[in-house]
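In: generate coordinates for the sequence data below:
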Amino acid sequence: MEGYSCCTIRIFSADSHRFNRFWPERQTGNEEYYTIKGFSKSIADFLKKIGIEKNKISIIDHLLGDYIALQMAIENKEMIEKLVLVDSSGLLEGPTPLLEEYLDAAMETAEELRIKKLEKVIGNMYADPSYMPPVVVSKFNEIIKQEGARYAFEKAFHNSTTTKIEAQGFMQIQDIPCLIIWGAKDKVIPIDYFEKFKEEDKLPEAMYERIEDVGHAPFVERTALVYEKIRTFLN
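Out: Residues are numbered from 1 along each chain as shown. Below is the predicted model:
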């Protein structure tokens, strides 16, 4: 977890333990760390440890992080001021085809083949694959090689793609200001899920922004546009 400050704003960038930061827990049989609730608890525990649990925070996240943010808001509503969700997980009833390819690439043990698979699947996450920074593949490959990383990744993958936020959970947080951004050409979590978030038992009062001609990472393919929408919402 890294912390930054600007004027009176403190920014924390969370390093999810979906890879292997909590690898020793596998030895004790405690796999709660690799679940959405486990991730949510780790964020809440961190905020309490540094003494800001009485101050409301805004969470900006993407994909799996969005699901964690939603769970965090449900369990710790008093701590949340605003939510920004980008191409969010949390409503899946199973992995999409591209997510299945992503898992297959991550689990590949032959490094040369794994890199080729990662280049293909991560490239397909963008509407225009040329936007994919090469460092994304190299960094992922570096991390997934570490001890316990594939085990943790697979556990987190299956939990996050086979569970979802229920209607009761959404009802608890409907009054939290929320901005939901989605790439119209997202193949990881297709635009149909954007429409599902608008349903009455989800977040009907949220602000919704559909970004045309971009894929799963609109903040990469339309950086200035997306950041301006987020800045305006938070202000």
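In: could you use CA atoms for every contact and neighbour count after this?
Out: OK.
In: wait, isn't G183 in contact with E212?
Out: Yes - taking CA atoms under 8 Å as the definition, G183 is a contact partner of E212 at 6.3 Å.
In: higher neighbour count, these two?
Out: G183 (27 against 14; other CA atoms under 10 Å).
In: quick one, phi psi at that one?
Out: For G183, the backbone dihedrals (degrees, to the nearest 10) come out as phi -80, psi 120.
In: let me see the contact set for L63.
Out: By CA atoms under 8 Å, 6 or more residues apart in numbering, the residues touching L63 are 85-89.
In: so which residue is dead centre in this protein?
Out: G65 (2.3 Å; CA atoms, centre = their mean).
In: in terms of helices and strands, where is that one?
Out: In this structure, G65 sits in helix 64-75 according to DSSP states H and E.
In: run the chain-centre distance for the helix or strand following that helix.
Out: Next helix or strand after helix 64-75 toward the C-terminus (DSSP H and E): strand 80-86. Chain-centre distance of strand 80-86: 12 Å, with CA atoms, centre = their mean, to the nearest Å.
In: check which helices and strands strand 80-86 sits against.
Out: Strand 80-86 sits against strand 57-62, helix 64-75, strand 178-183, with contacts defined as 3 or more CA pairs under 8 Å, 6 or more residues apart in numbering; DSSP states H and E.
In: please enumerate the strands of the chain.
Out: With DSSP state E as the criterion, the chain has strands at 2-6, 9-13, 57-62, 80-86, 178-183, 207-211.
In: weakest of the ones you listed by average pLDDT?
Out: Sorting those by mean pLDDT places strand 2-6 lowest, at a mean of 47.
In: if I look at N235, what pLDDT would I see?
Out: At N235, the model reports a pLDDT of 91.
In: so where's the chain uncertain?
Out: Filtered on pLDDT under 70, the chain yields the residue ranges 1-8, 15-30, 53.
In: any idea where the helices of the chain begin and end?
Out: 24-28, 36-49, 64-75, 97-107, 111-123, 134-144, 149-162, 167-172, 192-197, 218-221, 223-234 (DSSP state H).
In: for the shortest one, the distance to its chain's centre please.
Out: In this case it means helix 218-221. Distance of helix 218-221 from its chain centroid, counting by CA atoms, centre = their mean, is 15 Å.
In: do the fifth one as well
Out: The gap between where helix 111-123 is centred and where its chain is centred comes out at 21 Å by CA atoms, centre = their mean.
In: from the contact counts, what lies against it?
Out: The contact analysis (3+ CA pairs under 8 Å, 6+ apart) places helix 111-123 against helix 97-107, helix 134-144.
In: what's the last one packed up against?
Out: Here helix 134-144 touches helix 111-123, going by 3+ CA pairs under 8 Å, 6+ apart.
In: next, the buried residues of the helix it packs on.
Out: 114-115, 117-123 (16 or more other CA atoms under 10 Å).
In: cool, stretch 131-148 as well?
Out: Neighbour-count burial for stretch 131-148 [16+ other CA under 10 Å]: 132, 137, 141, 144, 148.
In: and for stretch 55-73?
Out: Neighbour counts over stretch 55-73 (16+ other CA under 10 Å) mark 57-73 as buried.
In: measure it end to end?
Out: Criterion CA to CA, to the nearest Å; first-to-last residue distance in stretch 55-73 is 14 Å.
In: isn't I211 up against A217?
Out: No - applying CA under 8 Å, one finds I211 not in contact with A217, separated by 10.2 Å.
In: overlap in contacts, the two.
Out: G183.
In: more neighbours: which of those two?
Out: A direct count of neighbours by other CA under 10 Å for I211 and A217 places A217 higher, at 23 against 19.
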